[in-house]
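>>> A structural model of the following input is requested.
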Amino acid sequence: MELFITSAHAAAAPAQPNALLQILPMVAIFAIFYFLIIRPQSKQRKQHRAMVDSLAAGNEVVFAGGLMGKITKIEGDYAVIALNPTNSIKVQRASVISVLPAGTIENI
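Reported below is the predicted structural model:
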């Protein structure tokens, strides 16, 4: 019977890997995720918030839908925009994606 079954020899217990080495890949993945995705997005969100907070009457702006106009009045979270001398609309200030230099709309 010993022909089919090998006798067990005393062997040392397998070494347990260090707990730090097990956690290290997860920490590295989180660090990469943070520096490539989370941090740049939060910086961009902070810049957009600062731009929206600094909007004032007279600014020429572009909206997420592509409309361009001049701010005539700020009303809380909304701005009244003059698209041309006869048409005005009220939009949310957060929908502004960029502020144009003065005189841009007249030159287009």
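>>> phi, psi of the residue nearest the centre of the chain?
In the chain, the C-alpha nearest the mean C-alpha coordinate belongs to residue 41, at 2.7 Å (CA atoms, centre = their mean). Phi and psi for residue 41, reported as degrees, to the nearest 10, are phi -70, psi -40.
>>> Local confidence estimate at it?
With respect to pLDDT, residue 41 has a value of 95.
>>> for it, what are its contacts?
By CB atoms under 8 Å, 6 or more residues apart in numbering, no residues touch residue 41. Using the backbone N, CA and C atoms, a C-beta is placed for each residue, glycine as well.
>>> what's the answer for residue 32, then?
So residue 32 contacts nothing (CB under 8 Å, 6+ apart).
>>> Distance of it relative to residue 80?
45 Å (CB to CB, to the nearest Å).
>>> before we move on, what about residue 19?
Following CB to CB, the distance that separates residue 19 from residue 80 is 61 Å.
>>> And these two? Which one has more around it.
residue 80 (16 against 8; other CB atoms under 10 Å).
>>> Tell me who's in contact with that one.
71-74, 88-90.
>>> Turn those into TSV, columns for neighbour count, secondary structure and pLDDT.
Output for the contacts of residue 80, formatted as TSV (neighbours: other CB atoms under 10 Å; DSSP: H, G, I helix; E, B strand; the rest coil; pLDDT from 0 to 100):
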residue	neighbour count	secondary structure	pLDDT
71	20	strand	95
72	12	strand	95
73	12	strand	94
74	14	strand	95
88	14	strand	94
89	13	strand	94
90	10	strand	95
